[in-house]
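Student: test case, fold it:
(2 chains)
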Amino acid sequence: DAGITQSPRHKVTETGTPVTLRCHQTENHRYMYWYRQDPGHGLRLIHYSYGVKDTDKGEVSDGYSVSRSKTEDFLLTLESATSSQTSVYFCAISESLLRDSPYGYTFGSGTRLTVV
Amino acid sequence: AQSVTQLGSHVSVSEGALVLLRCNYSSSVPPYLFWYVQYPNQGLQLLLKYTTGATLVKGINGFEAEFKKSETSFHLTKPSAHMSDAAEYFCAVSWGLGGSNYKLTFGKGTLLTVNP
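Tutor: Numbers count the residues shown, from 1 in each chain, chains lettered A, B, ... in the order given. Sure thing, here's the model as predicted:
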């Protein structure tokens, strides 16, 4: 989607190294999310942000940290990459899920991360 | 515990046949309901959503879904499958009152195969 970009698109890294994935949006949406997608598990929420410097953990947050210093950027960091973190990572943004809101999530194209 | 379940990890239909992808949720509060589609090597795209009002929701590409509160279901249907419908489909649910919960919980996905 044109309003949200993820970088890099592909990355291979070695076990034990730090890795940072970037999500950048041009929609000025308040909410940003990081999910990982694995076969048989669907998408699982890692961390999310509900504003600048406001973040919270999702269901699979161990081994991950995030930062959001400005509205448009949401960074996901693997402090010390492990093979179990090999996955496809998706960033998503949303404005609101209020009952009378037309908005849902908009997803980025994903980052395929391989930890060897 | 609140959860979402997609019945059938893989559904195969013939071109022109009815498509039925099942989604059930468990919740003590009324949910917001979504269906997303993911084509190979792409991000997720919103097909349709139910937030309030009419329980039969029409989406893109000829898909529709009906929210049945008594059955806690939100099944996705399409009268006649096309080859281009082959993709993975995800049901997603959000809970919360007054817009306080902006997190989506995804099912594990259903891979739709369309045979010529």
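Student: run through who's touching stretch A:108-116.
Tutor: Residues from elsewhere that reach stretch A:108-116 (C-beta atoms under 8 Å, 6 or more residues apart in numbering or on different chains): A:1, A:4-15, A:19, A:21, A:23, A:37, A:78, A:81-92, B:42-43. (Each C-beta comes from the backbone N, C-alpha and C, glycine too.)
Student: just the buried residues out of these, in PyMOL syntax.
Tutor: A single PyMOL command selects the buried members of the contacts of stretch A:108-116 (16 or more other C-beta atoms under 10 Å in any protein chain shown):
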select buried, (chain A and resi 4+6+11+13+19+21+23+37+78+81+85+86+87+88+89+90+91+92) or (chain B and resi 43)
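Student: against B:Leu104, how distant is A:Thr111?
Tutor: With the distance defined as C-beta to C-beta, to the nearest Å, A:Thr111 ends up 19 Å from B:Leu104.
Student: ok, the lowest-mean-pLDDT helix or strand in chain B: who's next to it in the sheet?
Tutor: Least confident helix or strand, chain B: strand B:105-106 with a mean of 88, by mean pLDDT, DSSP states H and E. Using DSSP bridges, strand B:105-106 pairs in its sheet with strand B:87-94 (antiparallel).
Student: and the strands in chain B?
Tutor: With strands called from DSSP state E, chain B shows them at B:3-7, B:10-14, B:19-26, B:32-38, B:44-50, B:56-58, B:64-68, B:73-78, B:87-94, B:105-106, B:110-115.
Student: figure out how far the second one is from the centre of its chain.
Tutor: Right, strand B:10-14. Distance, stretch centre to chain centre, for strand B:10-14: 15 Å (C-alpha atoms, centre = their mean, to the nearest Å).
Student: what residues are up against the spatially most central residue of chain A?
Tutor: Residue closest to the average C-alpha location in chain A (C-alpha atoms, centre = their mean): A:Trp34, at 2.4 Å. Applying C-beta under 8 Å, 6+ apart to A:Trp34 gives the contacts A:21, A:23, A:45-48, A:58, A:64, A:66, A:74, A:76, A:89-91.
Student: up against chain A, what does chain B have?
Tutor: By C-beta under 8 Å from any C-beta of the partner chain, the residues of chain B that approach chain A are B:9, B:32, B:34, B:36, B:42-46, B:49, B:51-52, B:90, B:92, B:94, B:96, B:98-99, B:101-109.
Student: ok, of those residues, which come out buried?
Tutor: Buried members of these, counted by 16+ other C-beta under 10 Å: B:32, B:34, B:36, B:43-44, B:46, B:49, B:51, B:90, B:92, B:94, B:96, B:102-109.
Student: returning to that earlier point: adding distance to A:Glu27, write the strands of chain B out as TSV.
Tutor: Formatted as TSV, the strands of chain B follow (distance: least, C-beta to C-beta, whole Å):
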stretch	distance to A:Glu27
strand B:3-7	26
strand B:10-14	33
strand B:19-26	27
strand B:32-38	18
strand B:44-50	14
strand B:56-58	24
strand B:64-68	26
strand B:73-78	26
strand B:87-94	19
strand B:105-106	21
strand B:110-115	29
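Student: so for stretch B:45-55, mean pLDDT?
Tutor: Stretch B:45-55 carries an average pLDDT of 85.
Student: convert the C-alpha atoms of that stretch to PDB, please.
Tutor: Extracted C-alpha coordinates of stretch B:45-55, given in PDB (Å, rounded to 0.1, in the frame of the first residue of the first chain):
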ATOM      1  CA  GLN B  45      -5.900  -6.600   2.000                       C
ATOM      2  CA  LEU B  46      -9.200  -5.800   3.600                       C
ATOM      3  CA  LEU B  47     -12.100  -7.700   1.900                       C
ATOM      4  CA  LEU B  48     -14.900  -6.500   4.200                       C
ATOM      5  CA  LYS B  49     -15.800  -5.600   7.700                       C
ATOM      6  CA  TYR B  50     -18.700  -5.600  10.100                       C
ATOM      7  CA  THR B  51     -18.900  -2.900  12.700                       C
ATOM      8  CA  THR B  52     -22.500  -2.100  13.200                       C
ATOM      9  CA  GLY B  53     -25.800  -2.100  11.300                       C
ATOM     10  CA  ALA B  54     -26.800  -4.500   8.600                       C
ATOM     11  CA  THR B  55     -25.500  -8.000   9.400                       C
END
